[in-house]
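**Student:** any chance you could fold what I've pasted below:
(one chain, ligands or ions: 2)
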Amino acid sequence: MGHVQITPSILNADFAALGAEVARIPSADWIHVDVMDNHFVPNLTFGPTMVEALARSTDIPLDAHLMIADADRHAPTYVEAGCASVTFHVEAAAAPVRLAREIRAAGGRASMALKPATPVEPYEDLLPELDMLLLMTVEPGFGGQKFLDLVLPKIRRARALMDKHGVETWLQVDGGVSLETIERCAEAGADTFVAGSAVFSADDPDAMVTALRAKADAARA
Ligand code: DX5
Ligand code: ZN
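**Tutor:** Ligands and ions are numbered 1, 2, ... in the order given. Model prediction:
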């Protein structure tokens, strides 16, 4: 299992001042960028031009989470835009193995996301192709939703599959992660944690990043 990494999502940040918002969280391991197309999810955010500008504005690596249809066609664009990690949804990919290989060939970390109702077992044999597996702990589309405890058993099963295959794949959770829920995720086997509203609604976002990391570390010890 990888070391604990905290990945603030900018979905609940001030979109008119993203450079300044990212500068408020220097302790973040990654910046999570939620790309939405109003088709795969009922919400619209930004595309590769905006992401490229954000990548130029910070030294913290970008973790793109693509909630878009036709991921096969668009995902490699986000590596070219400067994202060190690109996550596509398996529900939106026609050829996930080919796509993961394309992301890696372009120089990115390849990651695949599962919505809460998508089982992990069918993808066991894909784990060696992935640098990260994202298990959504809310239905994708919006920040500030309630954490879905029903995903916890799937986190445990995913961790067991990773141990069985001896892969280095990181296990990320996204949705409703806060000081109240992060320990459950860490105990179940997650090692990378996306937090949007918990970080950007805090008075001191960087202190929240540090507090979340401490809780996750303690839960795993
Ligand atoms: C939801 C996004 C999340 C979102 C998390 O579709 O994928 O990354 O920003 O926000 P919180 O942490 O508020 O649930
Ligand atoms: Zn996300």
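**Student:** make it CA atoms for all contacts and neighbour counts henceforth
**Tutor:** Will do.
**Student:** how far off centre is the lengthiest helix in the chain?
**Tutor:** The longest helix of the chain (DSSP state H) is helix 205-220. Here the centre of helix 205-220 is set off from its chain's centre by 17 Å, with CA atoms, centre = their mean, to the nearest Å.
**Student:** buried stuff in it?
**Tutor:** Pro205, Asp206, Ala207, Met208, Val209, Leu212, Arg213, Lys215, Ala216, Asp217, Ala219, Arg220 (16 or more other CA atoms under 10 Å).
**Student:** stretch 175-182 too?
**Tutor:** Gly175, Gly176, Val177, Ser178, Leu179, Thr181, Ile182.
**Student:** ok, so of the residues you listed, who is nearest Thr87?
**Tutor:** Thr87 lies nearest to Gly175 out of these, by CA to CA, at 14.8 Å.
**Student:** could I get the phi/psi values of that closest one?
**Tutor:** phi 120, psi 110 (degrees, to the nearest 10).
**Student:** and for Ala110?
**Tutor:** phi -90, psi 130.
**Student:** now do the contacts for it.
**Tutor:** Neighbouring residues of Ala110 by CA atoms under 8 Å, 6 or more residues apart in numbering: Ser85, Val86, Thr87, Ala100, Arg101, Ile103, Arg104, Glu129, Leu130, Asp131, Met132.
**Student:** and the contacts of stretch 120-128?
**Tutor:** In contact with stretch 120-128 (CA under 8 Å, 6+ apart) are residues Val97, Leu114, Leu133, Lys154, Arg157, Ala158, Leu161, Met162, His165, Val167, Thr169.
**Student:** and the chain, which residues reach ligand 1?
**Tutor:** Counting by CA under 6 Å from any ligand atom, the residues of the chain close to ligand 1 are 9, 11, 34, 140-145, 174-177, 195-198.
**Student:** surely Ile6 meets Ala28?
**Tutor:** Yes. The criterion here is CA atoms under 8 Å, and Ile6 meets it with Ala28 at 5.8 Å.
**Student:** residues contacting the residue nearest to His3 when sequence neighbours are not counted?
**Tutor:** Distance criterion CA to CA, 6 or more residues apart in numbering; nearest residue to His3, sequence neighbours excluded, is Asp191 at 6.2 Å. Counting by CA under 8 Å, 6+ apart, Asp191 makes contact with Met1, Gly2, His3, Val4, Gln5, Trp170, Leu171, Gln172.
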